[in-house]
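K.L.:
Here is my input; please provide its structure:
(one chain, ligands or ions: 1)
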Amino acid sequence: MTTRVAIIGAGMAGLAAGCYAQINGYDSQIFEMHNLPGGLCTAWKRRGYTFDGCIDWLVGTKPGTAMHSVWRRIGALGDQPIHHHEEFIRVTDPDGRTAIQYTDLDRLEEHLLELSPVDGPVIRELIGAARALQTLEMPVGKPRELFRVRDHLGQMWEMRAFLKVFSRFSRISVGEFAARFKDPLLGEMLTAVLDSRYQMTSLLATMGSLAARDAGWPRGGSLPFARGAEKRYLELGGSIHYHSRVTDVLLEDDRAVGIRLEGGEVVSADRVISCADGHSTLYGMLGGNHVPDEVAKFYSDKYPTITSVMVCMGVDHDFPSAPRSIQFPLDPPLEIAGKVYDRIGFTNYRHDPTLCAPGKSVIRSVFYADYDRWRGLAGDRKEYEAEKQRLAARVVEELGKRFPDAAGKVEVTDVATPITYTRYTGVWKGAYMSWISTPGSGHIQIPHRLSGLKNFYMGGLWNLGSAGLPGSAVSGRNAVQVMCVEDGNKFRE
Ligand SMILES: Cc1cc2nc3c(=O)[nH]c(=O)nc-3n(C[C@H](O)[C@H](O)[C@H](O)COP(=O)(O)OP(=O)(O)OC[C@H]3O[C@@H](n4cnc5c(N)ncnc54)[C@H](O)[C@@H]3O)c2cc1C
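P.N.:
Sure thing, here's the model as predicted:
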């Protein structure tokens, strides 16, 4: 008899788990509370403009890499063209000087040396380390809990070329490294790409992937990417139930036997894989009774997470000479929901003509945000909406200041706050990248199964922390791999 698997959540982790469950001969169904696939990997339309809520860079866009094979296997990458940015971000200072984060490392080195020759040694150290990580790949093969001694040795062997960079740069944060530049503009450029608390290795790996052309933009953006995986899953024989919020994982003698949906319906299953948010799985659907201490400790303020507030604009203007992404100093600073911002960035999506009509543009501004302050505001709908409008108005005003030809041409704005992320996907604290890998925390990973609980598995952004879409997809795949091993089945890739 075929083994029935209930998968919770149709984000990238759930869709990947679904595809690999079908590939491996299980009879799976996905239960998703929303009315569409993708979870955080999403987009929405407003007055003819598509506002993308996710992808800045997608690791795995380079053919021949292991991650690329996963994206193709689950149908997320099909035939859509991939755009590779020549420059990732520009940062300007109050004197109008501009630092450009070129993705090509030779060009970047030359540019930075021209800007600040006195920073030569730090620039060379930065570029040398990023170069060394150009061939680093997202590990896909096997989840850690299935590692034997020889797998550890094999991994060390594969990583030998990167160990020097890792041991040197995992102990230092992006902010600490940025502070080494004598010219503060160069430091600003680094912290414009990643929050200053991240380990420097995270930034170097990103620079390496961009340089290797393994971190591009798939034409159409986030939602078509997720729709591709949904289509593949359905072709493989799976089924998805939308508008189906799971309230409980049902257990008998510490063995998962099914799920309960909001409204009370019970669905029996031989195996349950939760690819919904980690915190709501552990403390909601499982009632907080099966949280190992080594996992519980991560869901505390000691381990920082990250969230943001995002303003999307549809503009009746084509910004003929604007770069992909540019940051300006803000004077006076902007104070929103308890945080003060002295910089503003505008990202232009002109590299994708499918997002709006010719001659028009989609522009996005993102600010790191304080989840608790937004949650406090959300308690008062009027106050919350007023804060969103105040933010949108200032962003539109600043856009007009920096690009005078676009002044008065913003046709529509839309603001997504940390509360929006949580409302639509249940993600804890709006933390769409899970825990930040800081020098103190290291790279946090939580296991795909919980000790003492049979027939239950987990995947998603909290399992392979800080790893974005690739981490989520791989963790969904991993959950199925662990299940296969426990069932005595050879895992089919
Ligand atoms: C602004 C922004 C920018 C980002 N940029 C990038 C980027 O450039 N590159 C990158 O790789 N990543 C990026 N990410 C991160 C990436 O989107 C996430 O890491 C990834 O999408 C998480 O996938 P997931 O499947 O683990 O979780 P989710 O996408 O959260 O999926 C979980 C799913 O479970 C559903 N669910 C939750 N609870 C229940 C329940 N009780 N019952 C039924 N269903 C439930 C949710 O509705 C959701 O569909 C970004 C995210 C954001 C928000």
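K.L.:
what about the longest helix in this structure?
P.N.:
The longest helix of the chain (DSSP state H) is helix 381-402.
K.L.:
Report all helices and strands that that one contacts.
P.N.:
If contacts are counted by 3 or more Cβ pairs under 8 Å, 6 or more residues apart in numbering; DSSP states H and E, helix 381-402 sits against strand 308-315, strand 325-336, strand 339-348, helix 371-378, strand 410-416. Every C-beta, even on glycine, is put in place using the N, C-alpha and C of the backbone.
K.L.:
and the first one, average pLDDT?
P.N.:
Throughout strand 308-315, pLDDT has a mean value of 98.
K.L.:
about what we covered before: ok, which of the helices and strands packed on helix 381-402 comes nearest the ligand?
P.N.:
Relative to the ligand, the nearest member of these by Cβ to the nearest ligand atom is strand 308-315, separated by 5.7 Å.
K.L.:
Quick check: can you name the pairing partners of the closest one and their directions?
P.N.:
strand 361-368 (antiparallel), strand 410-416 (antiparallel) (DSSP bridges).
K.L.:
and the helices and strands packed on helix 381-402 as CSV, adding mean neighbour count?
P.N.:
What follows is the helices and strands packed on helix 381-402, written out as CSV (neighbours: other Cβ atoms under 10 Å):
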stretch, mean neighbour count
strand 308-315, 24
strand 325-336, 16
strand 339-348, 17
helix 371-378, 18
strand 410-416, 19
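K.L.:
burial of V295, as a residue count?
P.N.:
V295 sits with 17 neighbouring residues when counted by other Cβ atoms under 10 Å.
K.L.:
Tell me which residues of the strand or helix carrying it come out buried.
P.N.:
In this structure, V295 sits in helix 293-296 according to DSSP states H and E. Residues V295 are the ones in helix 293-296 that count as buried (16 or more other Cβ atoms under 10 Å).
K.L.:
Just the CA atoms of it, as PDB, please.
P.N.:
Only the C-alpha atoms of helix 293-296 are listed here, as PDB (Å, rounded to 0.1, in the frame of the first residue of the first chain):
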ATOM      1  CA  ASP A 293      16.000  22.100  24.400                       C
ATOM      2  CA  GLU A 294      18.700  22.600  21.700                       C
ATOM      3  CA  VAL A 295      16.000  23.900  19.400                       C
ATOM      4  CA  ALA A 296      14.000  25.900  22.000                       C
END
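K.L.:
who does that helix touch, helix- and strand-wise?
P.N.:
Helix 293-296 makes packing contacts with no helix or strand when contacts are defined by 3+ Cβ pairs under 8 Å, 6+ apart.
K.L.:
what comes into contact with it?
P.N.:
Outside helix 293-296, the residues that touch it by Cβ atoms under 8 Å, 6 or more residues apart in numbering are 282, 446-447, 450.
K.L.:
Which pair of the residues you listed spans the longest distance?
P.N.:
L282 and P447 (11.8 Å; Cβ to Cβ).
K.L.:
follow-up on the earlier one: output the helices and strands packed on helix 381-402 as a markdown table; include the columns distance to D183.
P.N.:
Listed next are the helices and strands packed on helix 381-402 as a markdown table, based on distance: least, Cβ to Cβ, whole Å:
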| stretch | distance to D183 |
| --- | --- |
| strand 308-315 | 27 |
| strand 325-336 | 15 |
| strand 339-348 | 16 |
| helix 371-378 | 33 |
| strand 410-416 | 34 |
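K.L.:
Is H290 in a helix, a strand, or coil?
P.N.:
Three-state call for H290 (DSSP: H, G, I helix; E, B strand; the rest coil): coil.
K.L.:
Near the ligand, which residues of the stretch 151-300 of the chain are found?
P.N.:
In this structure, the stretch 151-300 of the chain approaches the ligand at residues 245-246, 275-277, 280, judged by Cβ under 6 Å from any ligand atom.
K.L.:
try the stretch 351-493 of the chain
P.N.:
Counting by Cβ under 6 Å from any ligand atom, the residues of the stretch 351-493 of the chain near the ligand are 421, 425-427, 432-433, 460-461, 468-470, 472.
K.L.:
Any idea how many residues pack against A322?
P.N.:
Neighbourhood size, A322 [other Cβ under 10 Å]: 20.
K.L.:
Now do it against the ligand, distance only.
P.N.:
20 Å (Cβ to the nearest ligand atom, to the nearest Å).
K.L.:
which one of the residues of the stretch 151-300 of the chain next to the ligand has the most neighbours?
P.N.:
C275 (31 neighbours).
K.L.:
pretty sure that residue contacts G14?
P.N.:
Yes - counting by Cβ atoms under 8 Å, C275 does reach G14; the two are 3.6 Å apart.
K.L.:
what about the helix holding V295, distance to the chain center?
P.N.:
23 Å (Cα atoms, centre = their mean, to the nearest Å).
K.L.:
for it, what is the average pLDDT?
P.N.:
91.
K.L.:
For the strands paired with strand 308-315, give me CSV that also has mean pLDDT.
P.N.:
Below are the strands paired with strand 308-315 laid out as CSV (pLDDT from 0 to 100):
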stretch, mean pLDDT
strand 361-368, 98
strand 410-416, 98
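K.L.:
Let me have those strands in TSV, extended by distance to K490.
P.N.:
Formatted as TSV, the strands paired with strand 308-315 follow (distance: least, Cβ to Cβ, whole Å):
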stretch	distance to K490
strand 361-368	43
strand 410-416	43
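K.L.:
closest to G345 out of those strands?
P.N.:
Smallest distance to G345 across these (Cβ to Cβ): 5.9 Å, for strand 361-368.
K.L.:
Buried ones in that closest one, by neighbour count?
P.N.:
Quick answer for strand 361-368 (16+ other Cβ under 10 Å): 361-367.
K.L.:
buried set for stretch 164-174?
P.N.:
Across stretch 164-174, burial judged by 16+ other Cβ under 10 Å covers 165-166, 169-170, 173-174.
K.L.:
State the number of residues packed around the residue lying closest to P224 once chain neighbours are set aside.
P.N.:
With Cβ to Cβ, 6 or more residues apart in numbering as the measure, Q80 is the residue that lies nearest to P224, at 6.9 Å, once sequence neighbours are left out. Look at Q80: counted by other Cβ under 10 Å, it has 17 neighbours.
K.L.:
Can you read off the pLDDT for I8?
P.N.:
I8 carries a pLDDT value of 98.
K.L.:
again, but for L464
P.N.:
The per-residue pLDDT reported for L464 equals 88.
K.L.:
Surely it touches G476?
P.N.:
No - using Cβ under 8 Å as the test, L464 is too far from G476 to be in contact (9.9 Å).
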